[in-house]
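The sequence and its predicted three-dimensional model are supplied below.
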Amino acid sequence: MIPPKARVLREGKVIDIDAAELVVGDIVDIQGGDKTPADIRIIQSHGLKVDNSSLTGESVPVAIKPDTQDPNHMESKNLAFYSTNVVEGKGRGVVIKTGDDTVMGSIAGLVAGLDSGQTPINKEIQSFVRLISAIAIFIGVVFFIIAMVMGYTWIEAVIFFIGIIVANVPEGLLITVTVTLTLTAKRMASKNCLVKNLEGVETLGSTSVICSDKTGTLTQNKMTVANMWLNMKMISLETGKMNYGENFDPRTPGWEELGNIACLCSNSDFVDVKENWQKPVNDRAVDGDATEAGILKCYECLMGDTSKKRKTNPKVIDIPFNSRNKYQASVHQDDEGKHLLVMKGAPEIVFAKCETILVDGEDVMIDETTRKGFREACEKLAGMGQRVLAFVDLHLDSSKFPPGYDFSTDDEEPNFPLDKLRFVGLLSMIDPPKASVPDAVAKCRSAGIKVIMVTGDHPITAQAIAKEVGIISSKNVLIIFDSLTPIPNSPQPGVSACVPGYVMTDWEEADLDKLIRSFTEIVFARTSPQQKLFIVEGYQRAGNVVAVTGDGVNDSPALKKADIGVAMGIAGSEVSKEAADMIL
């Protein structure tokens, strides 16, 4: 167990110290691969991205910049939180919180102060014992009176009284209940479910509401290419872990060009370790952020020749992605010495640089019909909560850019063209649901169990995943709440609700109770750990037995308060496993 270290600026020098020795006001350096040693306000950033998924539920790493802030500290883009992973880039920041005062520490303190309350079997056994005790005492008193009337001495009558009471005590109850629960827990262990609290076995069978986290619980917590817009047509890919892309034909016109850009215009690669190459493609570790990893795995699954493609088309020059340009571009040289410019980035930015579009293998001039189709495709994919990137290319004129041409980006403008490009297609990415989730949700609903999504992710992404897995019926009318949306006073059949956390900031218990009575299908998005706890307490007040499933640190207060908390074993955080009653 090696104590975490931090690089801190003291007396004009950067030195390594134990993270436990940090104090408020220290200047700390962080870079890709580090764990953030404290809550830090960033003052310098160079492409810094942090994975906040365990705290906020967002699958995509957050770009951290000094000049961005938000009244809600969890949404602020100039803060890096203790124990979150730095995905890439580097930065310098001022320590603002340490130890128990950090966001992570406050969540741990909230968990420690919670009382999970009695389980249903506890209540049942307590009620049963009280009933048996009352009956035993009543019968004992009756027999005491009868013995006295029949002329027995008072000592003999007391012996009768005590004997009747002892005879009615169920001495075998404790052993019977313990053995039964233990055998059930053993059977569940054979199905990869570890039961930490035996009473949780019975509670699981009494559950009437499941409050489930999204990221890593319902979804794979891996950005995956789910759709592409190619030849002005939408194509959906099979996103299952074991059968990814099986429904797609790589011979589709235009895919060779789109796949070529996706493979070459990237700075990510598989971690070059023997064990990593032996894993299935979707399980391999990747050097790079979640979006780049999703694109790389997509190409490798469909084509399987990433390394060969990059060796035969070496990169000559690269323009890295930045927040001002919103695109990444690179020039590659093929075996014949010809140069190809490839670019990917924000759809509206990249599309504006294009003059033609590739449709069924032919270059077609972009007209108003093309622009309309492009806008509709982007709107549709964004409405599904997916992250969209556009891919374009340009074959550079060999007479102007011969082999050995000195490409440069040192001047204000590069010495090669970045306009009049050819638009090839769109790829959209989402953190897809696990393959077994829709069937599991359907079984829960058929058994009369309500399934509610409680996530820290964006409302659009949350409701899109909820529809895909069946938590929200696609035929229902969906209301996305804002601060002005009134809470109905009566049940709303055929209507589902998506409630962002900022709407609930000033809610009283009565407001939440009213919402729970009005809607049967609810998605709670952008929720804080305190709000997740508030939601669980609301469903418990309504008389439900509540199960909570989650894997992040932000889920731990709700896991502890629930009648039964279920944590994810492989991808789950240690805090969530500690708070849960059961680990999958």
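Looks like it arrived, so ask away.

hang on, residue 7 in a helix?
No. Secondary structure of residue 7 (DSSP: H, G, I helix; E, B strand; the rest coil): strand, not part of a helix.

ok, for it, nearest residue in space, not its chain neighbours?
Spatial nearest neighbour of residue 7, chain neighbours left out: residue 29 (4.4 Å); criterion: C-beta to C-beta, 6 or more residues apart in numbering. C-beta: built from backbone N, CA, C; applies to glycine.

any idea which residue of the protein is furthest from its center?
Distance to the chain centre peaks in the chain at residue 151, reaching 76.7 Å (criterion: C-alpha atoms, centre = their mean).

Quick check: phi and psi on residue 50?
In terms of degrees, to the nearest 10, the main-chain angles of residue 50 are phi -120, psi 140.

neighbours around it, how many?
Using other C-beta atoms under 10 Å, residue 50 has 27 other residues around it.

pLDDT at it, what is it?
The model reports residue 50 with a pLDDT of 88.

From residue 62, how far off is it?
6 Å (C-beta to C-beta, to the nearest Å).

before we move on, which element is residue 538 in?
Assigned by DSSP states H and E, residue 538 belongs to helix 529-541.

Just the buried positions in that helix, please.
Taking 16 or more other C-beta atoms under 10 Å as the neighbour-count basis, helix 529-541 is seen to contain the buried residues 529, 530, 531, 532, 533, 534, 535, 536, 537, 538, 539, 540.

Against which helices or strands is that helix packed?
helix 103-112, strand 209-212, strand 450-454, helix 509-518, strand 522-525, strand 546-550, helix 556-561 (3 or more C-beta pairs under 8 Å, 6 or more residues apart in numbering; DSSP states H and E).

try 7 Å this time
strand 209-212, helix 509-518, strand 546-550, helix 556-561 (3 or more C-beta pairs under 7 Å, 6 or more residues apart in numbering; DSSP states H and E).

separation between the residue farthest from the centre of the chain and residue 114?
Separation of residue 151 from residue 114 (C-beta to C-beta): 60 Å.

for stretch 199-214, how far is the first residue from the last?
End-to-end distance for stretch 199-214, by C-alpha to C-alpha, to the nearest Å: 26 Å.

where does the protein have low pLDDT?
Within the chain, the segments meeting pLDDT under 70 span 1-2, 57-59, 68-72, 116, 323, 570-572.

for the stretch 251-400 of the chain, what spans make up the strands?
With DSSP state E, counting those that start in this stretch as the criterion, the stretch 251-400 of the chain has strands at 269-270, 286-287, 315-319, 327-333, 339-345, 354-359, 362-365, 387-395.

Need the ones you listed in JSON lines (columns: mean neighbour count and distance to residue 251).
Formatted as JSON lines, the strands of the stretch 251-400 of the chain follow (neighbours: other C-beta atoms under 10 Å; distance: least, C-beta to C-beta, whole Å):
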{"stretch": "strand 269-270", "mean neighbour count": "18", "distance to residue 251": "25"}
{"stretch": "strand 286-287", "mean neighbour count": "18", "distance to residue 251": "27"}
{"stretch": "strand 315-319", "mean neighbour count": "17", "distance to residue 251": "27"}
{"stretch": "strand 327-333", "mean neighbour count": "22", "distance to residue 251": "23"}
{"stretch": "strand 339-345", "mean neighbour count": "24", "distance to residue 251": "21"}
{"stretch": "strand 354-359", "mean neighbour count": "19", "distance to residue 251": "15"}
{"stretch": "strand 362-365", "mean neighbour count": "11", "distance to residue 251": "16"}
{"stretch": "strand 387-395", "mean neighbour count": "22", "distance to residue 251": "18"}
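
what about residue 235, helix or strand, and which?
Using DSSP H and E, the element containing residue 235 is strand 233-236.

before we move on, what about residue 181?
Using DSSP H and E, residue 181 falls in helix 173-189.

what's the answer for residue 578, then?
helix 574-579.

same for the helix or strand following that helix, what does it pack against?
Counting by DSSP H and E, the next helix or strand C-terminal to helix 574-579 is strand 582-583. Under the contact definition 3+ C-beta pairs under 7 Å, 6+ apart, strand 582-583 sits against strand 194-195, strand 564-567.

how deep is the closest residue to residue 531 other than its chain neighbours tucked in, by neighbour count?
Of all residues not flanking residue 531 in the chain, residue 501 sits nearest, at 5.2 Å (C-beta to C-beta, 6+ apart). For residue 501, the neighbour count with other C-beta under 10 Å is 23.

so residue 501 sits right up against residue 529, yeah?
No. Here residue 501 lies out of contact with residue 529, judged by C-beta atoms under 7 Å, at a distance of 10.4 Å.

Report the buried residues of the longest helix along the chain.
Counting residues, the longest helix found in the chain (DSSP state H) is helix 120-149. Within helix 120-149, the residues scored as buried using 16+ other C-beta under 10 Å are 120, 121, 125, 136, 140, 143, 144, 147.

One more: stretch 406-417?
407, 414, 416.

Equivalent analysis for stretch 372-391, please.
For stretch 372-391, the neighbour count (16+ other C-beta under 10 Å) marks 374, 377, 378, 381, 384, 385, 386, 387, 388, 389, 390, 391 as buried.

What lies in contact with it?
The contact list for stretch 372-391 (C-beta atoms under 7 Å, 6 or more residues apart in numbering) reads 60, 226-227, 229, 232, 234, 258, 261-262, 291, 344-345, 347, 350-351, 424-430, 460-461, 464-465.

any idea how far the residue most central in space within the chain is from residue 467?
For the chain, residue 215 is the residue whose C-alpha lies nearest the centre (C-alpha atoms, centre = their mean; 1.8 Å). Per C-beta to C-beta, residue 215 is found 17 Å from residue 467.

burial count for residue 267?
When neighbours are defined as other C-beta under 10 Å, residue 267 has 16 of them.

Now for it: which residues touch it?
288, 292.

next one: residue 29
7, 14, 92.

Indicate which one of the helices and strands packed on strand 582-583 is closest to residue 80.
strand 564-567 (25.1 Å; C-beta to C-beta).

Can you give the distance of the closest one from its chain's centre?
16 Å (C-alpha atoms, centre = their mean, to the nearest Å).

ok, now stretch 124-135?
That offset, for stretch 124-135, works out to 44 Å (C-alpha atoms, centre = their mean).

Could you do stretch 511-527 as well?
Distance of stretch 511-527 from the chain centroid (C-alpha atoms, centre = their mean) equals 20 Å.

quick one on the thing from earlier: may I see the helices and strands packed on helix 529-541 arranged in TSV, with distance to residue 313 and mean neighbour count as well?
Shown next, in TSV, are the helices and strands packed on helix 529-541 (distance: least, C-beta to C-beta, whole Å; neighbours: other C-beta atoms under 10 Å):
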stretch	distance to residue 313	mean neighbour count
strand 209-212	44	24
helix 509-518	55	16
strand 546-550	44	29
helix 556-561	47	29
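
Just put those in JSON lines and tack on distance to residue 252.
Output for these, formatted as JSON lines (distance: least, C-beta to C-beta, whole Å):
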{"stretch": "strand 209-212", "distance to residue 252": "36"}
{"stretch": "helix 509-518", "distance to residue 252": "46"}
{"stretch": "strand 546-550", "distance to residue 252": "38"}
{"stretch": "helix 556-561", "distance to residue 252": "45"}
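
Sweet, I'm off.
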